[in-house]
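Student: Sequence below, structure please.
(chains A and B, ligands or ions: 1)
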Amino acid sequence: MSRNKFTHRRVFFYFLFSTSALVLLVTLFSIQVINDSYKLSAENNVIKAVTIYPERGYIFDRDGVLLVTNQRAYDLMVTPRQIKNLDTLALCDIIKINKEHFDKYLKRAKRYSSRKASLFLKEISKQTAAQLQERLYEFPGFYLQERTMREYPEKSAAHILGYVSQVPDYILKKDNYYKLKDNYGISGVESSYEKVLRGVQGIKYLVRDVWNKSKGSFADGKYDSLAVNGKDIELSIDIQLQKYAEQLMLNKKGSIVAIEPSTGEILSLVSSPYFDPNALIGRSRSPNFNRMYKDDNKPLFDRSLLAEYPPGSTFKLVNALIGLQEDVIFDGTRFKCDEGWRFSSKLKIGCHVHRSPLNLIESIEQSCNAYYCNTFRRIVEKYPTAEEGYENWRNHVLSFGLGKFLNNDLYNGRPGRVPTLDFYNRQYGKGGWKAPTVISLAIGQDALVVSPIQMANMCAAIANRGHYYTPHIVRKVDGLSLNDSTYTIAKLTSIDKKHFTTVVNGMERVFTGKHGTAKTARLKDIEICGKTGTAENPHGADHSIFIAFAPKDNPQIALAVYVENGGWGSTWAAPIASLMIEKYLTGKISNTKQEAFILNGNLMNTEDAKE
Amino acid sequence: MRKNKSVFANIDWFLVFIYLLMLLFGWLNIYSANYDEGTFDLFTMQAEPGKQLFWIGTSCIWLFFILLLDGKFYTTFSYFIYALMIFLLIGVLIVGKEIGGARSWYDLGNFSLQPSEFAKVGVLLALSKYLSQLNLTLDKLDTQIKALAIIGLPILLILLQPDAGSAIVFASLFLVLFREGIHVVYLAILGLAISLFVVTLKFEVNIAMIVTILFAGLFAYLLKKGKNSIKPALFSLILGLGFVQSVGYLYNDLLRPHHRNRIDLILGKIDDIHGAGYNLNQSKIAIGSGGVFGKGFLDGTQTKFNFVPEQSTDFIFCTIGEEWGFVGSLITIGLFMALLFRLIILAERQRSAFSRVYGYGVATILFTHFFINIAMTIGVMPVIGIPLPFFSYGGSSLWSFSILLFIFIKLDAYRMDILR
Ligand SMILES: [Zn+2]
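Tutor: Residues are numbered from 1 along each chain as shown, chains lettered A, B, ... in the order given. Next up is the predicted model:
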């Protein structure tokens, strides 16, 4: 208690606190109320993060022809808070919109944020942008953001290339890199190589004054980052061949897939109806997209990768090879054909009228159904149970790349279907089926389906006499070849090389034989090997199928052609395959009559689905 | 003696009310400093406003327990708590996490703990305990030394981290000794030392030495009436010269360049608004641009784009100044004045020396934080990173300030029970 005599010293504390508070208040009064320079400084310091968009990578074809490039476009951006003394009419006049739209767009921008810049009007023309740029100082709060749009000089290969659009919401949510309205590859190569093509965005922090003029970079650019341009890509596509294929498929539904057998590189990949990729850029994208989306012929659907058809008679080649490999047939094996194959009064597979019996080569040449029903039966019945025999057959089929995803660099794909044991056990009950039950597999029917690219690959495997390279579409990134073992290591089929000779000879006879199913499509100077097929179509005319490769020795191109509702394989698909081969190998066409027939052929329900 | 044993019996609601007002106003500004249109997750534990809400909630739990404990607890265990805090301060030097060149934090997984914040409570309890001994006077040298040692030990440990800001806060507890009767000369010496410090740095060591000699002469003249004036005058002259020299040494050789820059900037020796002055200049622009009424809640521009660093911790006053203007400054300073004056008034009405010393200590610590923090944001003081009590974001500081204050509220409520 003795120290209570110092109680008067509390006054010192009152004094200390009061004077300190006074010092602070006087200083604060001076900088907040009296001095205006800080207010100006604050306005001088409106900071704006400007995204530096990298240039998206170009895409070339295998010969260096430019397929995809960029064009400049300008977006008008707005930061609603920064709008001052706006002459609405003057601005509307320059950008050619009416007051009503103007109010709508501004409201939308405000709803997003009043402080952050957002899109006001997208992709305005170069002339308008130039006019606006000169007078931009009159419209504080508005600025032009340069961005790039894709451009497709060759007007071709839309399905392969895909398109670029605003980044979808689900990507925005999971990937921090993207901001609202950024470009994003939605399909095709643009999608599968998005990260390569897009580059890396840069950010520049600019300090701007009240008149929206840049006062240089913020904090000496300490927080800025440079944009890194996207890398260029070279595709394996031969754009001349691609465009020719598109011409051939005009007014037809279907697909052409051509592959270089020695590398697995895809030379052309056509899905028809197709469209000009330029239809999906800029402001015309959404009306065009909607129109095509509603089109009954489904131009947006990439048939070459996604359609799954029965392989039809082309599949007899595989059954012939399996039969040889399993030693159940040999070159000289002959089977009787009595306008088909009869198992019982109920079960019969018909055939066209021809001389009987035929040997293996002749059976390919004339596509005899009975021959393959017998062969398939022998293959399956070689084993004690149908299940074992079937499973063994199925494994051979799978080795041709059928019934599973190719796992390549394409944006899309389908596995197709080589029915499993389970599939048939479910359908017929375990032990409830035998080779004759599923005899349609012998001629590529039943539940067997494959995509056109799988068919082309199967053809390439035969062309290579027993192996294939996974089909792929990108050759080089940034000038460097892809040394991806997925594409450089050959995948072996389960068939020995020696068994291919007879089958390939048979395929040659399809063109050269007296009764060859594609003899009208034969080429004078090129040894082509092929096989017709017809896929039954319950909804209308059958689909016309053809696979072919050429030249017979050292093949340079293998392809599969599907023409929906084209009837017999020999009618449409075979001539198309032949024209493609001649075009690719020689660069010219000898049978111009046949070419004209194909080019003018129209198998579409509607008059003109292209554009 | 009243039989009212409620936890809230006799507590000073005025202090509690001011405390809650500060928490609310502080949180609003933290929210605003983090506010960025387009992000709506400010209430999660990933965002500062959400975390601060958690700290406020947990503080309230602490406070309830503090009020629940018997007032005797704090007097009984004060040395023990002090020892524990010293132990934590030693420990952090060994196992602490190094952030920005200082070992001031314990890393506890999701949270970090700053022991120097909590040490304030321990030091203040020990000082109160020591000074509350009957018949103790601060005239004696050994008493002075012991009292200073209680304060000095943690200062030493904190300087080793190093954390100059917290060290200054502890040093300010010297003012409590002044209230308890230490001779006014010490205060004068302290004042002179600070003046000399500034003079030395602002001008040259040589000029500061001349000033020192002049002061010593003045001192000798003033003491002439006394018995022996030569000895103390000479002593103070030598002490002063030594001090000036050591300040020069400290400044040139011990301070890190960025500290030196900050001091130079305040003293007007350098004028660089892009380098060291950048933070200060930006924080002044933010506060200055607020004007009289401010830009409005959430409408600040300067505190949103990271112009101002550490905008929700040490520089939270920038957001207040920008969005609430001079009115906001008045409110904030007014709240602190109300709090501090009330603390002194209550401290003086205590019957026990323990409670009184403690009350003064709380007032002194809060004042030091308040003054240095606001002064640095407006360029009156160099940038010394200490938080604004009850306003700044941060769990350790909010907890420790709350505990500090509520122990006093408990002691005050308990005052009637003492000596009965
Ligand atoms: Zn037949």
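
Student: and residue 362, how many residues sit next to it?
Tutor: The chain I'm using is chain A. Around A:E362 sit 20 other residues, with neighbours defined as other CB atoms under 10 Å in any protein chain shown. (C-beta placed from N, C-alpha, C; glycine too.)

Student: switch to chain B, that's the one I care about
Tutor: The burial metric for B:V362, expressed as a neighbour count using other CB under 10 Å, is 29.

Student: do A:K84 as well
Tutor: If we define neighbours as other CB under 10 Å, then A:K84 has 11 of them.

Student: got a pLDDT number for A:M1?
Tutor: A:M1 is assigned 44 on the pLDDT scale.

Student: cool, B:Y31 as well?
Tutor: Per-residue confidence (pLDDT) for B:Y31: 86.

Student: Could you check how far the closest residue to it other than its chain neighbours is from B:W55?
Tutor: Here the nearest residue to B:Y31 in space, its sequence neighbours aside, is B:P49; by CB to CB, 6 or more residues apart in numbering or on different chains that works out to 4.3 Å. Counting by CB to CB, to the nearest Å, the gap from B:P49 to B:W55 is 11 Å.

Student: before we move on, what about A:I59?
Tutor: Per CB to CB, A:I59 is found 55 Å from B:W55.

Student: more crowded one of those two?
Tutor: A:I59 (25 against 20).

Student: In contact with the nearest residue to the more buried one once chain neighbours are set aside, which residues?
Tutor: Among residues not flanking A:I59 along the chain, A:V68 sits closest, at 3.9 Å (CB to CB, 6+ apart). Contact partners of A:V68, counting by CB atoms under 8 Å, 6 or more residues apart in numbering or on different chains, are A:58-59, A:150-152, A:161, A:190, A:277.

Student: so where do the strands sit in the stretch 301-420 of chain B?
Tutor: Assignment of strands within the stretch 301-420 of chain B using DSSP state E, counting those that start in this stretch yields no ranges at all.

Student: Walk me through the domains of chain A.
Tutor: Residue ranges for each domain of chain A read A:3-35, A:47-235, A:239-286+A:302-600, as given by automatic domain parsing.

Student: tell me, how many neighbours does whichever residue of the stretch 101-250 of chain A sits closest to chain B end up with?
Tutor: Per CB to the nearest CB, the residue of the stretch 101-250 of chain A with the smallest distance to chain B is A:S113, at 4.2 Å. Other residues within reach of A:S113, judged by other CB under 10 Å, total 15.

Student: show me what contacts B:M376?
Tutor: Neighbour list for B:M376: B:280, B:314, B:382-384 [criterion: CB under 8 Å, 6+ apart].

Student: okay, these in JSON lines with pLDDT and distance to B:V184 next?
Tutor: Output for the contacts of B:M376, formatted as JSON lines (pLDDT from 0 to 100; distance: CB to CB, whole Å):
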{"residue": "B:L280", "pLDDT": "62", "distance to B:V184": "35"}
{"residue": "B:D314", "pLDDT": "84", "distance to B:V184": "34"}
{"residue": "B:P382", "pLDDT": "76", "distance to B:V184": "28"}
{"residue": "B:V383", "pLDDT": "75", "distance to B:V184": "32"}
{"residue": "B:I384", "pLDDT": "76", "distance to B:V184": "27"}
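
Student: Would you mind putting these into a markdown table with distance to A:S37 and neighbour count alongside?
Tutor: Formatted as a markdown table, these follow (distance: CB to CB, whole Å; neighbours: other CB atoms under 10 Å in any protein chain shown):
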| residue | distance to A:S37 | neighbour count |
| --- | --- | --- |
| B:L280 | 15 | 21 |
| B:D314 | 24 | 25 |
| B:P382 | 22 | 21 |
| B:V383 | 21 | 25 |
| B:I384 | 26 | 20 |
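
Student: Tabulate these in JSON lines, adding columns for distance to the ion.
Tutor: As requested, the contacts of B:M376 are exported to JSON lines (distance: CB to the ion, whole Å):
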{"residue": "B:L280", "distance to the ion": "96"}
{"residue": "B:D314", "distance to the ion": "92"}
{"residue": "B:P382", "distance to the ion": "101"}
{"residue": "B:V383", "distance to the ion": "96"}
{"residue": "B:I384", "distance to the ion": "99"}
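
Student: Quick one: end-to-end distance for stretch A:414-426.
Tutor: 23 Å (CA to CA, to the nearest Å).

Student: Please report how far the residue of the stretch 101-250 of chain B found nearest the ion lies from chain A.
Tutor: When distances are taken as CB to the ion, the stretch 101-250 of chain B reaches nearest to the ion at B:N110, 78.1 Å away. Taking CB to the nearest CB, to the nearest Å as the criterion, B:N110 is separated from chain A by 22 Å.

Student: what about that residue, neighbour count?
Tutor: Once other CB under 10 Å is used to define contacts, B:N110 is seen to have 7 neighbours.

Student: Tell me the secondary structure of A:P140, please.
Tutor: What DSSP: H, G, I helix; E, B strand; the rest coil gives for A:P140 is coil.

Student: And it, its phi and psi?
Tutor: Main-chain torsions, A:P140, degrees, to the nearest 10: phi -60, psi 140.

Student: swap in the one 3 residues further on?
Tutor: Summarising the backbone geometry of A:Y143 under the convention degrees, to the nearest 10, its torsions are phi -150, psi 160.

Student: ok, the closest residue to it other than its chain neighbours to chain B distance?
Tutor: In space, A:Y143 comes closest to A:M77 once its chain neighbours are excluded; the distance is 5.4 Å by CB to CB, 6+ apart. Note on A:M77: its distance to chain B, by CB to the nearest CB, is 15 Å.

Student: Quick check: next helix or strand after the helix or strand hosting A:M77?
Tutor: Applying DSSP states H and E as the criterion places A:M77 in strand A:66-78. Next helix or strand after strand A:66-78 toward the C-terminus (DSSP H and E): helix A:88-95.

Student: how close does the residue of the stretch 251-400 of chain B found nearest chain A sit to B:I378?
Tutor: Minimum separation of the stretch 251-400 of chain B from chain A (CB to the nearest CB) falls at B:G288, amounting to 2.5 Å. Here B:G288 is placed at a distance of 9 Å from B:I378 (CB to CB).

Student: When these two are compared, which one has more neighbours?
Tutor: Neighbour comparison, B:G288 and B:I378: the larger count goes to B:G288, with 27 against 23 (by other CB under 10 Å).
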